[in-house]
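Asker: no sequence for this one, just the structure:
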């Protein structure tokens, strides 16, 4: 499960089995319709779960959060400037 900061400052939350590949796809404009028009994107949060299903449940939960709560999560991440 990951959170991207888009070029317009918005946040995008998603899940994947291959984080490096998925972020590159977003960066290339092929990851999701939402991020395609909001490039460049930057990975600002990532968390690993035992199963994709578990990650997708967490993704759905975070998508319901207000922006301020998402930013608090991002700010608490130990490596907010990870680059792939």
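Answerer: Arrived safely, thanks for sending. Because the structure is a prediction, the values reported are computed rather than measured.
Asker: from now on I want contacts and neighbour counts done on CA atoms only, so please keep to that.
Answerer: OK.
Asker: what sits up against the lowest-mean-pLDDT helix or strand in the chain?
Answerer: Ranking every helix and strand in the chain by mean pLDDT, DSSP states H and E puts helix 67-76 at the bottom, with a mean of 91. Applying CA atoms under 8 Å, 6 or more residues apart in numbering, the set of residues contacting helix 67-76 from outside is 3, 11, 44-45, 62, 80.
Asker: for residue 45, which non-adjacent residue is closest in space?
Answerer: residue 3 (5.0 Å; CA to CA, 6 or more residues apart in numbering).
Asker: longest helix of this protein, counting residues only.
Answerer: Counting by DSSP state H, the longest helix found in the chain is helix 52-63.
Asker: in contact with residue 19, which residues?
Answerer: residue 2.
Asker: now do the same end-to-end measure for stretch 58-68.
Answerer: Using CA to CA, to the nearest Å, one end of stretch 58-68 lies 17 Å from the other.
Asker: so residue 26 sits right up against residue 36, yeah?
Answerer: Yes: using CA atoms under 8 Å, residue 26 is in contact with residue 36, at 6.6 Å.
Asker: residue 44 against residue 6, yeah?
Answerer: No: if you go by CA under 8 Å, residue 44 and residue 6 don't touch, sitting 9.9 Å apart.
Asker: now the two most distant members of the contacts of helix 67-76.
Answerer: 62 and 80 (17.1 Å; CA to CA).
Asker: so which of these two has more stuff around it?
Answerer: Per other CA atoms under 10 Å, whichever of residue 62 and residue 80 has more neighbours is residue 62, with 18 against 14.
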